[in-house]
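Q: Dropping a prediction and its sequence here:
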Amino acid sequence: MAPVSIGLLGVGQRGLQHLKALWSSDDARITALCDPYPQNLEPAKIRQYIDGFSLDGIRTYTRFDDMLAGGGMDALYVCIPPNRHQDEVVRAARNGLHIFAEKPVSLYLDEALEQEAAIRQAGVLSTVGFNQRHCVWHTAVRDFLAGKRLVMMTVVANGALESHSVKHTHTEAEGGPANRVWAANMAWSGSTVVEAGIHQLDLMRYWGGDVDWVEARYVHRDPEDIVEGGDNPYAYSVTFGFANGTIGNMLMTRLRRTFYADGYQDIVWDHGHVKTEADGPVAWFYDGPFPPPEKVERNRLRHVLEVPPRNDNTLAINQAFVQAVKDQTEEPLRNTFSTSMNSHAAVLGANISDRLGGRRIDLNELLHAPQYAPYRRRPVA
Ligand SMILES: NC(=O)c1ccc[n+]([C@@H]2O[C@H](COP(=O)([O-])OP(=O)(O)OC[C@H]3O[C@@H](n4cnc5c(N)ncnc54)[C@H](O)[C@@H]3O)[C@@H](O)[C@H]2O)c1
């Protein structure tokens, strides 16, 4: 069977990672690349990330209109900053292209809803770049938790505001941060919860199902501490209410001049905890006779989950998407655009809750009720 022909929109940090995964696949063939900055399409630059890359057989474009008109694609990857979306996903879906969209798919729920409707109505296949669902460790945790009564999930993610991989959008030419670190800027990233925390939230959904409501409080950055557009809050405290009654906690920080990062995950069911340690997930629970005949020692509670070596989950999500398109089935996918809407609503809802002083936001209302219409739409420039 012929390989799947793929176009990629946005040849930056994430686009290059996907390009690398696809470049090594016999089932995929890159046919088109599009980026508004010609430098990002230079083969010599791309070769810095992908050994042996060449543009043979690949058309390059600086305008999406031309890329779409050029045809020759079965599927489109969309890897652009979340505030830069226009109607690329909608138009690609209406043109029958299967869609791989990077998260967050937009900073505005109206746009995400429009993209979702276009994909659903066109009947094309889709996925959103929640690669962590393809990590074998996280999947082992999911399997271990199956059938257990979850009660709480907690994620702590401390990071440094300045530390971020190289970004390729020329934000300085588009009214954004001069240093290109757009992930530190609220207008470009939508907040750290929206841009980065969405991975952790989606992982909680992978383990615990859909979110019904969200409440959030942020500690916003002092104006005198904003440097080069890095205005995202210092600290975020978000509570997610899951449909199955589980509580989810997300605590994130992004400090300047600190360069400290660490993290913690704790998933609690009614009779134990699962934590991800450096060598893999570990469950803590008591499985002896009850009541115990003697004092229970801590090491008696520790159960290392049997997991394969950690895999390259970016490669895995690419393989799943290409396989899905090849076989014309959603079966290999761990999310679709439609099933990912709950993740988008949950993190965008956190921002709205913070703006409203910590009010509980019901996600179904946020997505559909008239009272939230002003919060769903992109502000007029
Ligand atoms: N799943 C993950 O692990 C992961 C990791 C990193 C980034 N991301 C996501 O991927 C997306 C892209 O982020 P990035 O880190 O690659 O950013 P980036 O700035 O490094 O790259 C974005 C690329 O898109 C191009 N671009 C900008 N506007 C465009 C437009 N309108 N049309 C076409 N191309 C355009 C830029 O020139 C740049 O080359 C973001 O949504 C980000 O959150 C996901």
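A: Here it is on my side, so go on.

Q: Can you report how many residues neighbour the residue in the chain that the ligand sits nearest to?
A: Evaluated by C-beta to the nearest ligand atom, the chain has residue 12 as its residue closest to the ligand, separated by 1.7 Å. In this view, the C-beta of every residue, glycine as well, is placed from N, C-alpha and C. In terms of burial, residue 12 registers 21 neighbours under the definition other C-beta atoms under 10 Å.

Q: What score does it have for pLDDT?
A: We note a pLDDT of 98 for residue 12 in this prediction.

Q: Could you find the closest non-adjacent residue to it?
A: The shortest distance from residue 12 to any residue other than its chain neighbours is 3.4 Å, reached at residue 168 (C-beta to C-beta, 6 or more residues apart in numbering).

Q: The one you found contacts residue 13, correct?
A: Yes - the pair residue 168 and residue 13 qualifies as a contact (C-beta atoms under 8 Å) at a distance of 6.1 Å.

Q: And these two? Which one has more around it.
A: Summary of the neighbour comparison: residue 168 and residue 13, criterion other C-beta under 10 Å, with residue 168 having more neighbours (21 against 16).

Q: what's the distance between the more buried one and residue 37?
A: 7 Å (C-beta to C-beta, to the nearest Å).

Q: What residues does the stretch 101-250 of the chain have near the ligand?
A: For the stretch 101-250 of the chain, the residues in contact with the ligand (C-beta under 6 Å from any ligand atom) are 102-104, 129, 131, 167-169, 195.

Q: make it 5 Å
A: Listed as neighbours of the ligand in the stretch 101-250 of the chain under the rule C-beta under 5 Å from any ligand atom: 102, 129, 167-169.

Q: Could you count how many residues lie near residue 323?
A: A total of 17 residues lie near residue 323 under the criterion other C-beta under 10 Å.

Q: one step back: pull the contacting residues for the residue of the chain closest to the ligand.
A: In this structure, residue 12 makes contact with 35, 40, 79-80, 167-169, judged by C-beta atoms under 8 Å, 6 or more residues apart in numbering.

Q: all strands for the stretch 151-300 of the chain, in order.
A: 211-219, 235-242, 247-255, 262-269, 272-277, 280-284 (DSSP state E, counting those that start in this stretch).

Q: State the pLDDT value of the spatially closest residue to residue 8 that is not a sequence neighbour.
A: Spatially, and ignoring its direct neighbours in sequence, residue 8 is nearest to residue 77 (4.4 Å; C-beta to C-beta, 6+ apart). According to the predicted model, the pLDDT of residue 77 comes to 99.

Q: quick one, what contacts residue 77?
A: By C-beta under 8 Å, 6+ apart, the contact list for residue 77 reads 6-10, 15, 18, 100-102.

Q: Residue 156: what's it in contact with?
A: Taking C-beta under 8 Å, 6+ apart as the criterion, residue 156 is in contact with 251-252, 262-265.

Q: Mind picking the two most distant members of the residues you listed?
A: For the contacts of residue 156, the farthest-apart pair by C-beta to C-beta is 252 and 265; their separation is 12.8 Å.

Q: With neighbour numbers in mind, choose between the two.
A: With neighbours defined as other C-beta under 10 Å, residue 252 and residue 265 compare such that residue 252 has more, 24 against 20.

Q: Test of understanding: give the bridge partners of the more buried one.
A: Here residue 252 sits in beta bridges with residue 157, residue 236, going by DSSP bridges.

Q: now it: how far from residue 221?
A: Plainly put, residue 252 is 13 Å away from residue 221 if you go by C-beta to C-beta.

Q: Quick check: phi and psi on the residue nearest to residue 8?
A: The phi/psi pair for residue 77 (degrees, to the nearest 10) reads phi -90, psi 130.

Q: Bridging across strands, which residues link to it?
A: Beta-bridge partners for residue 77, by DSSP bridges, are residue 8, residue 100.

Q: Please report how far the residue of the chain most remote from its centre lies from residue 299.
A: Outermost residue of the chain with respect to the C-alpha centroid, by C-alpha atoms, centre = their mean, is residue 293; its distance is 47.2 Å. In this view, residue 293 and residue 299 are 17 Å apart by C-beta to C-beta.

Q: go on, residue 252?
A: As judged by C-beta to C-beta, residue 252 and residue 299 stand 32 Å apart.

Q: when you scan the top helix by length along the chain, is anything in it near the ligand?
A: Using DSSP state H, we find that the single longest helix of the chain is helix 337-355. No - for a cut-off given as C-beta under 5 Å from any ligand atom, helix 337-355 has no contacts with the ligand; the smallest distance is 11.5 Å.

Q: Same check on stretch 23-40?
A: Yes - legend: contact between stretch 23-40 and the ligand by C-beta under 5 Å from any ligand atom is shown at 35, 37, 40.

Q: which of the residues you listed has the most neighbours?
A: When neighbours are counted by other C-beta under 10 Å, residue 35 leads these with 23 neighbours.

Q: for that one, what are its contacts?
A: Residues near residue 35 by C-beta under 8 Å, 6+ apart: 9-12, 15, 41, 62, 168.

Q: Reformat those into TSV and put distance to residue 244 and secondary structure next to each item.
A: Rendered in TSV, the data for the contacts of residue 35 read as follows (distance: C-beta to C-beta, whole Å; DSSP: H, G, I helix; E, B strand; the rest coil):
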residue	distance to residue 244	secondary structure
9	37	strand
10	36	coil
11	40	coil
12	37	coil
15	36	helix
41	46	helix
62	47	coil
168	40	coil
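
Q: quick one: average pLDDT of stretch 33-43?
A: Mean pLDDT, taken over the full extent of stretch 33-43, equals 98.

Q: in stretch 333-347, what's buried?
A: For stretch 333-347, the neighbour count (16 or more other C-beta atoms under 10 Å) marks 333-337, 339-347 as buried.

Q: wait, I meant stretch 174-187
A: Applying a neighbour-count criterion of 16+ other C-beta under 10 Å, the buried positions in stretch 174-187 are 176-177, 179-186.
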